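Novice: pasting the sequence and the predicted coordinates here, then a few questions.
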Amino acid sequence: MAKRGAGIAFIAISAFLISVKYISAAIFGSGVASWDKGLFDAMLSYVGNTLNIFSLLSLLVGILYIAWGEYEELKRKKETTI
């Protein structure tokens with residue numbers, strides 16, 4: 001159960017990092033009088049890709065932990081039925 005919980009935590013961290021990117025861009029542009037798509041894209045580019053990279057890594061680690069936990073659970077159930 002611990003590996004599955006860690007996997008869920010990493011996936012939650014991934015979702016948090018993605019939302020932080022958009023919130024950071026919105027805060028950065030909070031003083032702007034009018035908004036459009038091009039302006040928000042420029043603000044997103046100013047925030048950078050670091051949050052995307054860490055979010056993707058966190059998502060992959062979370063999925064791997066969940067898969068590892070499920071594999072161990074299936075292996076344990078198979079050993080007890082034999």
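Specialist: Done, it's in.

Novice: list of residues touching stretch 29-36?
Specialist: 39-40, 43 (C-beta atoms under 8 Å, 6 or more residues apart in numbering). Any C-beta I mention is one placed from the backbone N, CA and C, and that applies to glycine too.

Novice: lowest-confidence helix or strand of the protein?
Specialist: helix 37-47 (a mean of 90; mean pLDDT, DSSP states H and E).

Novice: any idea which residue sits dead centre in this protein?
Specialist: Taking C-alpha atoms, centre = their mean, the centroid of the chain lies closest to residue 14, which sits 1.4 Å from it.

Novice: so for that residue, what's the pLDDT?
Specialist: Note on residue 14: pLDDT of 97.

Novice: now it: which helix or strand?
Specialist: Secondary structure from DSSP states H and E places residue 14 in helix 2-28.

Novice: that helix vs helix 37-47, what angle?
Specialist: Counting by axes from the mean of the first three to the mean of the last three C-alpha atoms, to 10 degrees, helix 2-28 points 120 degrees away from the direction of helix 37-47.
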